[in-house]
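>>> sequence and computational prediction follow.
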Amino acid sequence: KAYLLKRDLSVDVAEQNGWYPSRSAGDNFLRIVIPAVTIKPEHVYWQARAISSKAHIRYQTPKGPRYGALISLHVCPDTPCTRQVVIVEGPMDALAVAACGYGAIAVMGMTPGDQALDHLAQLVNKRPALVVFDNEPEAQSAAHGIVMRLASAGGKAHIAKLRYVKDLADTAFVTRKAWLARRLEELC
């Protein structure tokens, strides 16, 4: 909880979406385990974010196939879908978005693969989507690919580029909320 609060991220939204601490997610480091959704019923997939900077690997995942796994965060359990959705690279960014009142999907990196992109199009389900990736050129290029994939599936998607910060999780809550509100208003 202290790690999330230090980053101005919501403990409540994390817990409501099934996030939990563990020292058994591939090593003995304390990690936040983040459940994923896949295209294969009953398949369990997750990412586990290290809390300590001493961990050599920041994210652990289970061995075996991914089956299009994505991190899908809801604002609260009673509202599974919001009218708009924000697509981000990592789960901490998705948590940052969900705490602001918008559904979020993390693709878990810049290159999620074709199965995950097909799954993404299903989860987005033609809702207006805002794609917000990190500022590196490779990430921005990947964001364009996702927008094209969502548009090909019949949806409306746009890219928003952050300034002065690496990603949404590095932004203070008040700033993040106002920035997202403006970008999502422009999307409609």
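That came through, no problem.

>>> residue 47 belongs to a helix?
No - per DSSP: H, G, I helix; E, B strand; the rest coil, residue 47 lies outside any helix segment and is strand.

>>> that one and residue 71: what is the separation?
As judged by Cβ to Cβ, to the nearest Å, residue 47 and residue 71 stand 7 Å apart. Where C-beta positions appear, they are placed from N, C-alpha and C, glycine not excepted.

>>> overlap of the contact sets of those two?
Common contacts of residue 47 and residue 71 (Cβ atoms under 8 Å, 6 or more residues apart in numbering): 34, 36, 91, 108.

>>> and stretch 92-99, how far out from the chain's middle?
Its chain's average C-alpha position is 7 Å from that of stretch 92-99, according to Cα atoms, centre = their mean, to the nearest Å.

>>> check stretch 161-171 too.
So, by Cα atoms, centre = their mean, the centroid of stretch 161-171 is 14 Å from its chain's centroid.

>>> which other residues reach that stretch?
7-9, 88-90, 92-93, 95-97, 132-135, 140, 176, 179-180.

>>> again with stretch 115-126
Residues outside stretch 115-126 that contact it (Cβ under 8 Å, 6+ apart) are 37-39, 66-70, 72, 81, 85, 87, 105, 107-108, 112, 146, 149-150, 153-157.

>>> next step: the contacts of stretch 161-171 restricted to helices.
Among the contacts of stretch 161-171, the ones falling in helices (DSSP state H) are 92-93, 95-97, 140, 176, 179-180.

>>> any of these buried? List them.
92-93, 95-97, 176, 179-180 (16 or more other Cβ atoms under 10 Å).

>>> which one of the residues you listed is nearest to residue 13?
Distances from residue 13 to those, taken as Cβ to Cβ, are shortest for residue 95 (6.2 Å).

>>> pLDDT weak spots in the chain?
77, 79-80 (pLDDT under 70).

>>> now the residue nearest to residue 160 when sequence neighbours are not counted: which helix or strand?
Distances taken as Cβ to Cβ, 6 or more residues apart in numbering place residue 183 nearest to residue 160, at 4.5 Å, with adjacent residues excluded. Using DSSP states H and E, residue 183 sits in helix 173-187.
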